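[1] Here is a sequence with its predicted model. Questions after.
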Amino acid sequence: QVQLVESGGGLVQAGGSLRLSCTSSSPTFSSYGLGWFRQAPGKEREFVAAITSSGDSTYYADSVKGRFTISRDNRENTGYLRMNRLTPEDTAVYYCAADPFGVLTTTHEFEYDSWGQGTQVTVSS
């Protein structure tokens, strides 16, 4: 497992942008795939985006495709989620997670063995 710390959440107006970061101090970070999930009040946690360990493949939920971009910098042990054209429906706690089998992207929570504490994103209308 790896320790993950998210940052970059906050309050933004509809149509605005935010960039979330997911940082790890683990020397094995670059071998893990990364995923972003979110949980809105009263709803179950849902998949948002994933990226392989090398960064050569990404996958997005339909609800964010074309607006969000997942990336990573393995030299900096950091993953990112760039979120553009935000809407109030994007309001949620956002979590990053690490998948020890990082060769393929996955949307399944059970395949991620490490989770951050979450960062709140609030989009006002």
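    Structure's in. What do you need? What you see is a predicted model, and the numbers here were worked out from it, not measured in a lab.

[2] tell me the pLDDT at the most centrally placed residue in the chain?
    In the chain, the centroid-proximal residue (CA atoms, centre = their mean) is Trp36; its distance is 2.5 Å. Here, the pLDDT recorded for Trp36 equals 98.

[3] Okay, and the beta partners of it?
    Note on Trp36: beta-bridge partners Ala49, Cys96, judged by DSSP bridges.

[4] ok, it - contacts?
    The neighbourhood of Trp36, defined by CB atoms under 8 Å, 6 or more residues apart in numbering, consists of Leu20, Cys22, Val48, Ala49, Ala50, Ile70, Gly79, Leu81, Tyr94, Tyr95, Cys96, Ala97. Every C-beta, even on glycine, is put in place using the N, C-alpha and C of the backbone.

[5] phi, psi of the second one?
    The main-chain torsion angles of Cys22 are listed as degrees, to the nearest 10 and equal phi -130, psi 110.

[6] Would you mind measuring from the closest residue to it other than its chain neighbours to Val5?
    Of all residues beyond its chain neighbours, the one nearest Cys22 is Cys96 (3.4 Å), with distances taken as CB to CB, 6 or more residues apart in numbering. Separation of Cys96 from Val5 (CB to CB, to the nearest Å): 9 Å.
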